[in-house]
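K.L.:
Predicted model, plus sequence, below.
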Amino acid sequence: MKPDAKIYEAAKTAAESGIQANLHGSEIFFVDDREDNVQGALAAGIDAVLYQNVPQFEEELSRRGIEW
């Protein structure tokens with residue numbers, strides 16, 4: 001369970017070996033409303049942000065070139 005490092009490593013492994021096997025774990029974008037979960041993802045090398053509100057979330061998506 002979050003924020004245990006094993007969950008983030010499992011997400012990276014799934015991303016790297018799943019349908020889009022060319023996806024690197026560092027390409028995961030993680031959003032959570034708990035700081036400890038965000039810090040756990042960042043420590044695992046995952047791009048992560050703390051959710052604060054919709055405008056902030058939309059800005060984070062835009063900064064990464066993610067269309068919604």
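P.N.:
Arrived safely. A quick note: this is a predicted structure, and the numbers were derived from the prediction, not measured. Numbering: from 1, shown residues only.

K.L.:
switch to C-alpha atoms for all contacts and neighbour counts from now on
P.N.:
Fine.

K.L.:
how far out from the middle of the chain is the longest helix belonging to the chain?
P.N.:
Longest helix in the chain by number of residues, with DSSP state H as the criterion: helix 5-17. Centroid separation between helix 5-17 and its chain, computed with Cα atoms, centre = their mean, to the nearest Å, is 11 Å.

K.L.:
Let me see the contact set for the most centrally placed residue in the chain.
P.N.:
The centroid of the chain falls nearest to F30 when counting by Cα atoms, centre = their mean (2.0 Å). By Cα atoms under 8 Å, 6 or more residues apart in numbering, the contact list for F30 reads 38, 41, 46-49.

K.L.:
hmm, try it at 6 Å
P.N.:
F30 makes contact with A48, according to Cα atoms under 6 Å, 6 or more residues apart in numbering.

K.L.:
Against D36, how distant is it?
P.N.:
Plainly put, F30 is 12 Å away from D36 if you go by Cα to Cα, to the nearest Å.

K.L.:
And G65, by the same measure?
P.N.:
Following Cα to Cα, the distance that separates G65 from D36 is 26 Å.

K.L.:
thinking again about what came up before, pretty sure the residue nearest to the centre of the chain belongs to a helix, no?
P.N.:
No: F30 is assigned strand when assessed by DSSP: H, G, I helix; E, B strand; the rest coil, not a helix.

K.L.:
How about it: which residues does it bridge to?
P.N.:
A48 (DSSP bridges).
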